[in-house]
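Colleague: here is the input, now give the coordinates:
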Amino acid sequence: MAITGNLSDFSLTDLMQVLKRGHKTGQLSVASPNGIHRIWIYQGRVVAAREPGRKMGLAEMLSEEELLSNRVLDKLTSRCDINEPLGVCLHRQGLITAQTLASLFRQQLRRAVYPLFALEEGGFEFDGIAMLPYGEMTGHSKGIMDVVIEGLRFIQNSSSSEINLLQPDQVLERTSLEIPLVKLAPLEWSVLEVLSTSPLRIHSVSQKLKEDLLEVRKICTRLHQVGLLQKSLLEVPGLIPVSVGLDYPLSRGSQRETSPVSTELGASPNLSLLSRLTSVLRGIR
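Modeller: Residues are numbered from 1 along each chain as shown. Below is the predicted model:
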């Protein structure tokens, strides 16, 4: 079974949340101007990724870093079990350290996954019966929502544009007071804690934390995108009430909703997200 669609209808952040909630296993292919990016997922965790233009992935990276030659790799891989990640096999033979494998996995994510969060359109396909690429795998993995958070950080830090950021006067509140099931940076935690007691404007959050307003706007935007924050309809001092119904896009353009992340933490079902997913599921075959 495959799920196909376009990022113009269903953002990568939304898609990743759906795959995470379903603990999916398979291969996600995403088209970018540079070619096809491939991401392999095992039970809701990213285990490998390959950027366009690469045929051997991990083996090419090992050669580029001058860690192992292709001749040595060809000889050594013959000793590996077909269902064993190449990185694990090489580490077991004492040819590469765990720290190096972790670094290579981070490179896979930076090159093949994080740039995709800047895309506003591009076809995608998730193949739930694709075989895992053990020759691509370092043995490391990362939870999907951690990948989403890091991908959004990567895009925001590499761009000076403020176009897609929430405005300073936007009022936000937490979607749940439960501990989020995602790894957050210290300042991201601080933003959540400030918003734990009552809704606040973003510029008020910045003032309370004595942190740069632009950085706080970036944090609020990505926490909003993954469903840890939502636009508040409650009144705060000096706030003109916001009209109900059309003011809460999870990523862009959707009606007010509760994200899939907050649903896991006890909030109401994300009906709008499921509605938009319907168009994607038409591509199931």
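
Colleague: centroid residue for this structure?
Modeller: V148 (1.5 Å; CA atoms, centre = their mean).

Colleague: helix, strand, or coil at the residue lying closest to that residue once chain neighbours are set aside?
Modeller: Closest residue to V148 in three dimensions, ignoring its sequence neighbours and counting by CB to CB, 6 or more residues apart in numbering: M16, at 5.1 Å. No exception for glycine: its C-beta is placed from N, CA and C like everyone else's. Under DSSP: H, G, I helix; E, B strand; the rest coil, M16 falls in the helix class.

Colleague: run a quick neighbour tally on M16.
Modeller: Look at M16: counted by other CB atoms under 10 Å, it has 26 neighbours.

Colleague: can I assume it is in contact with M145?
Modeller: Yes. Here M16 reaches M145: they are 7.4 Å apart, a contact under CB atoms under 8 Å.

Colleague: what's the burial count for the residue lying closest to A59 once chain neighbours are set aside?
Modeller: Sequence neighbours aside, L73 is the residue nearest to A59 in space, at 5.4 Å (criterion: CB to CB, 6+ apart). The local packing of L73 (other CB under 10 Å) involves 21 other residues.

Colleague: assign L73 to helix, strand or coil.
Modeller: Per three-state DSSP, the secondary structure class of L73 is helix.

Colleague: my guess is it contacts E60. True?
Modeller: No. Counting by CB under 8 Å, L73 does not reach E60; the two are 9.8 Å apart.

Colleague: which residues of the stretch 1-150 of the chain fall in helices?
Modeller: All helices of the stretch 1-150 of the chain, identified by DSSP state H, counting those that start in this stretch, fall at 12-21, 58-64, 70-77, 86-92, 98-112, 144-157.

Colleague: quick one: the strands in the protein?
Modeller: In the chain, the strands defined using DSSP state E lie at 2-6, 26-32, 35-42, 45-50, 123-127, 142-143, 171-174, 200-201, 229-231.

Colleague: okay, these, which one's buried deepest?
Modeller: Among the strands of the chain, strand 45-50 has the highest mean neighbour count (mean count of other CB atoms under 10 Å), at a mean of 24.

Colleague: tell me what angle that strand forms with helix 98-112.
Modeller: Here the directions of strand 45-50 and helix 98-112 differ by 70 degrees (axes from the mean of the first three to the mean of the last three CA atoms, to 10 degrees).

Colleague: and the contacts of strand 45-50?
Modeller: Strand 45-50 has contacts (CB atoms under 8 Å, 6 or more residues apart in numbering) with 37-41, 57-58, 85, 108-109, 111-113, 132-133, 136-138, 140-144, 147.

Colleague: can you flag the buried ones in those?
Modeller: Those of the contacts of strand 45-50 that meet the buried threshold are 37-41, 57-58, 85, 108-109, 111-113, 132-133, 136-138, 140-142, 144, 147, by 16 or more other CB atoms under 10 Å.

Colleague: name the nearest residue to G44, ignoring sequence neighbours.
Modeller: H23 (4.2 Å).

Colleague: distance of that neighbour from R222?
Modeller: Going from H23 to R222 by CB to CB, to the nearest Å gives 23 Å.

Colleague: also L95?
Modeller: Distance from L95 to R222, by CB to CB: 38 Å.

Colleague: my read: L195 touches R174, true?
Modeller: Yes. Using CB under 8 Å, L195 is in contact with R174, at 5.1 Å.

Colleague: list the residues that contact both of these two?
Modeller: In contact with both L195 and R174: L229, using CB under 8 Å, 6+ apart.

Colleague: where does the protein have its least confident helix or strand?
Modeller: Counting by mean pLDDT, DSSP states H and E, the chain has its least confident helix or strand at helix 260-264, which shows a mean of 36.

Colleague: ok, L95 and R222, which is more surrounded?
Modeller: Looking at L95 and R222 with other CB under 10 Å, you find the greater number of neighbours at R222, namely 24 against 15.

Colleague: give me the nearest residue to the more buried one, chain neighbours excluded.
Modeller: Of all residues not flanking R222 in the chain, L152 sits nearest, at 4.0 Å (CB to CB, 6+ apart).
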